[in-house]
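**Q** Quick one, what's the 3D model for this:
(one chain, ligands or ions: 1)
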Amino acid sequence: MDRSNFSDRSTPAAAVGDRTAAGRDASPGRPGHDPSVREVADLARELDVDLSVGLTGAEAARRLAADGPNELRSKPPVPLWRKVLAQFQDPLIYLLLVAVAISVVAWAAEGATGFPVDAVVIAAVVLLNAVLGFVQENKAENAVAALQSMTAATSTVLRDGRRVTVPSAELVRGDVLVLGEGDAVGADARLVRATALKIQEASLTGESEAVTKNPATLEAHAPLGDRLDMVFKGTAVAQGVGTALVTATGMDTEMGAIAEMLDATEEDPSPLQREIAGVSKLLGVTVIVIAVVVMVVTALVNEVSTLSDFVTVLLLGVSLAVAAVPEGLPAILSVVLAIGVQRMARRNAVVKKLHSVETLGSASVIASDKTGTLTKNEMTIERVVTASGEVRLTGVGYRPDGEVLSAGGPLEDEALTREVGMVLGGGSLANDAQLTRRDGEWEIQGDPTEAAFLVAAHKLQGTVDRVRTYERRGEVPFTSERKMMSALVDPEGDGAWALVTKGAPDVLLRRCTRQQVGSDVVPLDDARHARALADVEALSGQAYRTLGVAYRRVEEGTSAERLEDSERDLVYVGVVGIIDPPRPEVADAVEQAHRAGVRVMMITGDHPTTAARIAEDLGIVGAGEARAVTGVELDRLDGGALREVTRDVSVYARVAPQNKLQIVDALQADGHVVAMTGDGVNDAPALKSADIGVAMGVTGTEVTKEASKMILGDDNFATIVAAVRQGRIIFDNIKKFLRYLLSSNMGEVFTVFLGVVLAGVIGLAGASDDAVVVPLLATQILWINLVTDSGPALAMGVDPEIDDVMGRRPRRLSERIIDRHMWTGILSIGLVMGLATLATIDIFLPGGLVEGHDSLEVARTAGFTTLVVAQLFNAFNSRSETTSAFHRLFVNKWLWGAVALAFALQVAVVEVPFLQAAFGTASMDLAHWAVAVAMASSVLWFDELRKLVWRARHRGEVA
Ligand SMILES: Nc1ncnc2c1ncn2[C@@H]1O[C@H](COP(=O)(O)OP(=O)(O)OP(=O)(O)O)[C@@H](O)[C@H]1O
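**A** All right, here's what the predicted structure looks like:
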């Protein structure tokens, strides 16, 4: 290999013609560059790679830098300045700035005396608001990016002679891809080797059947679907293994050619986002209408005559609109979702899209695999039952120490010993697992069920040695549909070969016609058949996972092709009972789910009796109520009958992957929101179809991870339930800040509106020499918006659970987030806030209902303070619709921090001279502060009362 030669070229891309040639091989006129018609060796030479070693890490990095990441081009990132500018792109802000400009003009027209305080302060506040908004949006974006990197697809490649797993985005031309069942193909690549390799290409070609591939070079240019010596980015390995040489990455791939189409599919807003956008809009319009009314009424009541009066009214109205229109809601929503999602990720539940969180909280069914999710997947063979009797094996886990005991003590019976040896030996032959010892610890590679046979074989003397004399000549792999696997083996020095099969005993027995008894083979008559089935049932009834072993002799030299046809007329040897202990935390999680109105279903490939027994043990069904329906039974049902069945059966056994899809559809037709787990390639369609497809992070395939909405870092069922709970908590927190922001905004609206309408009653009218007397100044309103809104709202986003979220039924997806009850709360609290503020002003002003004797500035400052502090009290109200604010009052330090900060800022704006000048405030003495705080607290008492009444009315009801 001549590397120096390669490095002289301008870019690695030059290796296969020009940059686009490899990917655009279909283009007429360039058939010479189509890698499917070229010899692998040629391509390897051009791409300068040794197929048995792969690229070096350094070379791969160089090519990556030159060619760019292996990604389908998405839109270019938005530059920073645009993001900042976007914060100002709001008609209300334009309006405000226009109003400010007018006020500057007015100030100039009147001789430019003094300082245009309002103009400067408002501009500063708008700027600060924009900065806050920008920071929030950035935070949300970063969180999403972090999530994406967490769930990024990976590929296995040869680099420096070793297999390594790399993010698929880092694949480069010349990489040698190692493909296995369930892998997502990361780039377009020319096959080098393939064994029984089937690729699911539906995403690219629309062909739903998986295509069998082989590396034989095509003779002529062929359409995409017929290029059998190529694999393509975006497809998946349905079966088999292979290696392939990457010839195109990123936009040069066939997927890249249709990427313009993909580019167009932007993510739709979720129902929640849509609803919140709707609420924002509705409120926006309402507030603007009110602001206009306020302006008109103020102008009429006060008989506006001068330009400066006009400016005051204009600024008031526009500021009110800016402050009270909840335009920041979507950004806060994203931040809150993002924070929630990060928290879930830390607890092993990685949600791929922010808004899946909403769906999670609404899940009404969790349909879970059994093995590895509900159970530990630590398989140990404890029993072997054959024609001549039964043995027990001692020892736990993968350490191959233990004894084989028969009922009376040590195993002595010759026939039984022979049969047990054949079961364990046969199971070790039809086997792809490995048992190794490293640093004194025993480890397994491969399927734990298979490893259990290797471990058990060590426990029966002589078995392992005998197995070693066999050589593998072919195999029929295990699939969840077949539920069995076979190996074609050649015993040393024996004339004939054997096909050894292990699999689900009920399935296997259907293919057996004979039985091993000692060293004889006898016909498997009805009685023997029934007996064997009864043995299996007995083991299953004790929660054992069962696996049968059978074999048959075949001619020496039998072809490994079409071996499946030989899996008949088998000699049944016996069955093993494997314990797979339940995960200890699952029973609790099931109980929690039930309390939360979430049904738990077990969907397993295992035996019905085993499944039913474990479902009972875990509390998925009540004791003695277990009824398992099998995949075969499901296949016979039509849509209506299927729905009937899924309504009351929670245990499904011997299911094939397509049954999972049936079950999801039936449940969804019944209005359920379904979370479903899966690990194998064939589970992908069901995962996609479920509302929340859950992939296994440890044992799951790349394909299921891609098809899912959530990935479990620990494969644990309890993590799903924890995620549902988190989803509900996040949803509650969203309601909290909505309640908070909307009722606070309402408070501002009511204050200004009623203040203007009731100016005479309160004593505002005529309280100063100015023609126009408003309850709050424009700058004060903007200050409230700045100081009280974001901080507490964000702190509520991380609020711990206040209401018992798992004590209520799942929320229907069609339910509105802000229902009537919540609207009533928002409006009534807003009203109380407004009245308290105006009452405070009234108390201190001369000429109102309650006689006071302060200046307008002081009275207004007291009212302003009341409104701010009322909003801070309201922050605690908003944490629940029904639970007292005093419940778990101190658990959220962020909220207290935000409230304390806001209060400190309010003290500053009232007492610090230059802020007084800027915001038109005046110092208050302690009595004023006390009155303001006391008046403000009315929102707390009012809401406590409201909640009390609600609780009294709804006592004993399930939420
Ligand atoms: N490696 C294997 N070789 C032969 N038969 C197997 C093997 N693994 C499992 N089986 C048999 O096939 C059945 C179905 O297995 P499958 O992997 O589909 O489901 P499972 O692991 O039992 O449960 P789950 O679907 O909950 O993960 C098992 O009950 C077992 O009898």
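
**Q** OK, now which residue of this structure is nearest to the ligand?
**A** In the chain, the residue that lies nearest the ligand is Gly605 (2.3 Å; Cβ to the nearest ligand atom). Heads up, the C-betas are built off the backbone N, CA and C, glycines and all.

**Q** Just say helix, strand or coil for that residue.
**A** Classification of Gly605 using DSSP: H, G, I helix; E, B strand; the rest coil returns coil.

**Q** Quick check: it touching Tyr652?
**A** No: counting by Cβ atoms under 8 Å, Gly605 does not reach Tyr652; the two are 9.7 Å apart.

**Q** out of the two, which sits in the more crowded spot?
**A** Tyr652 (28 against 22; other Cβ atoms under 10 Å).

**Q** and the gap between the nearest residue to that one once chain neighbours are set aside and Thr312?
**A** By the measure of Cβ to Cβ, 6 or more residues apart in numbering, the closest residue to Tyr652 outside its immediate chain neighbours is Ile603, 4.6 Å from it. When Cβ to Cβ, to the nearest Å is the yardstick, Ile603 and Thr312 sit 69 Å from each other.

**Q** can I assume Arg482 sits in a strand?
**A** No: read with three-state DSSP, Arg482 is coil and lies in no strand.

**Q** Do I have it right that Lys705 meets Ala152?
**A** No: Lys705 is not in contact with Ala152 according to Cβ under 8 Å; the separation is 9.8 Å.

**Q** what does the protein put close to the ligand?
**A** By Cβ under 6 Å from any ligand atom, the part of the chain that sits against the ligand consists of 369-371, 447, 449-450, 478, 480, 483-485, 502-504, 547, 604-607.

**Q** Contact partners for Glu911?
**A** Applying Cβ atoms under 8 Å, 6 or more residues apart in numbering to Glu911 gives the contacts 923-924.

**Q** quick one, phi/psi of Ala367?
**A** The phi/psi pair for Ala367 (degrees, to the nearest 10) reads phi -100, psi 120.

**Q** Show me what it is bridged to.
**A** Met601, Met676 (DSSP bridges).

**Q** count of residues packed around it?
**A** When neighbours are counted by other Cβ under 10 Å, Ala367 comes out with 25.

**Q** Could I get the contacting residues of it?
**A** Contacts of Ala367 by Cβ under 8 Å, 6+ apart are 601-603, 660, 663-664, 667, 674-677, 690.

**Q** Now stretch 392-408: average pLDDT?
**A** Across stretch 392-408, the average pLDDT comes to 90.

**Q** Off-centre distance for it?
**A** 42 Å (Cα atoms, centre = their mean, to the nearest Å).

**Q** quick one: terminal-to-terminal distance for that stretch?
**A** For stretch 392-408, the separation between the terminal residues is 11 Å (Cα to Cα, to the nearest Å).

**Q** Check what contacts that stretch and list those residues.
**A** By Cβ under 8 Å, 6+ apart, stretch 392-408 touches 378, 380-384, 389-391, 410-413, 416, 420, 435, 442-444, 451, 454-456, 458-460.

**Q** Buried ones among those?
**A** For the contacts of stretch 392-408, a burial check counting by 16 or more other Cβ atoms under 10 Å picks out 378, 380-384, 389-391, 411, 413, 416, 420, 435, 442, 444, 451, 454-456, 458-460.

**Q** Among these, name the ones in strands.
**A** 380-384, 389-391, 435, 442, 444 (DSSP state E).

**Q** Comparing Lys705 and Ala152, which shows the higher neighbour count?
**A** The neighbour comparison of Lys705 against Ala152 (other Cβ under 10 Å) goes to Lys705, with 25 against 12.

**Q** Distance check, the more buried one against Pro505.
**A** 32 Å.

**Q** ok, back up a step: I'd like the contacts of Ala367 as JSON lines, with neighbour count and distance to Ala922 appended.
**A** Output for the contacts of Ala367, formatted as JSON lines (neighbours: other Cβ atoms under 10 Å; distance: Cβ to Cβ, whole Å):
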{"residue": "Met601", "neighbour count": "21", "distance to Ala922": "67"}
{"residue": "Met602", "neighbour count": "28", "distance to Ala922": "70"}
{"residue": "Ile603", "neighbour count": "25", "distance to Ala922": "70"}
{"residue": "Lys660", "neighbour count": "27", "distance to Ala922": "70"}
{"residue": "Ile663", "neighbour count": "27", "distance to Ala922": "70"}
{"residue": "Val664", "neighbour count": "26", "distance to Ala922": "66"}
{"residue": "Leu667", "neighbour count": "24", "distance to Ala922": "65"}
{"residue": "Val674", "neighbour count": "26", "distance to Ala922": "62"}
{"residue": "Ala675", "neighbour count": "30", "distance to Ala922": "59"}
{"residue": "Met676", "neighbour count": "29", "distance to Ala922": "64"}
{"residue": "Thr677", "neighbour count": "31", "distance to Ala922": "64"}
{"residue": "Ala690", "neighbour count": "30", "distance to Ala922": "62"}
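
**Q** quick one: which of those is nearest Met696?
**A** Nearest to Met696 among those is Thr677, at 6.9 Å by Cβ to Cβ.

**Q** Which helix or strand contains the closest residue to that closest one other than its chain neighbours?
**A** Using Cβ to Cβ, 6+ apart and skipping the chain neighbours, the partner closest in space to Thr677 is Val694 (4.5 Å). If you go by DSSP states H and E, Val694 is part of strand 692-696.

**Q** How about residues contacting the helix or strand just after that strand?
**A** The helix or strand immediately downstream of strand 692-696 is helix 702-707, counting by DSSP H and E. Here helix 702-707 makes contact (Cβ under 8 Å, 6+ apart) with 151, 153-154, 182-184, 200, 236-237, 678-681, 683-685, 687-688, 693, 695-697, 711.

**Q** Quick one: buried ones out of those?
**A** 151, 154, 182-184, 200, 236-237, 678-681, 683-685, 687-688, 693, 695-697, 711.

**Q** hey, where'd the strands end up in the stretch 851-959 of the chain?
**A** Counting by DSSP state E, counting those that start in this stretch, one finds no strands in the stretch 851-959 of the chain.

**Q** can you give me the helices in it?
**A** 856-877, 893-911, 913-919, 926-936, 938-953 (DSSP state H, counting those that start in this stretch).

**Q** ok, back up a step: make a PyMOL selection of whichever of the residues of the chain next to the ligand turn out to be buried.
**A** Of those, the buried ones go into a single PyMOL selection, burial set by 16+ other Cβ under 10 Å:
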select buried, resi 369+370+371+447+449+450+478+480+483+484+485+502+503+504+547+604+605+606+607
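
**Q** pull the longest helix from this protein.
**A** The single longest helix within the chain, with elements called by DSSP state H, is helix 717-757.

**Q** which other helices and strands contact the very next helix or strand once past it?
**A** Towards the C-terminus, the helix or strand next in line after helix 717-757, according to DSSP H and E, is helix 759-762. When contacts are defined as 3 or more Cβ pairs under 8 Å, 6 or more residues apart in numbering; DSSP states H and E, helix 759-762 packs onto helix 820-844.

**Q** Identify the bridge partners of the residue nearest the centre of the chain.
**A** Nearest to the geometric centre of the chain sits Val351, at 1.7 Å (Cα atoms, centre = their mean). Counting by DSSP bridges, Val351 forms beta bridges with Met710.

**Q** That one contacts Leu147, correct?
**A** Yes: counting by Cβ under 8 Å, Val351 touches Leu147, with 7.4 Å between them.

**Q** what do the two both touch?
**A** With Cβ under 8 Å, 6+ apart as the test, Val351 and Leu147 both reach 341, 345.

**Q** Please give me every residue in contact with the nearest residue to Thr205 once chain neighbours are set aside.
**A** Excluding the flanking residues, the one nearest Thr205 by Cβ to Cβ, 6+ apart is Gly225, at 4.3 Å. Applying Cβ under 8 Å, 6+ apart, we find Gly225 in contact with 201, 205, 207, 211.
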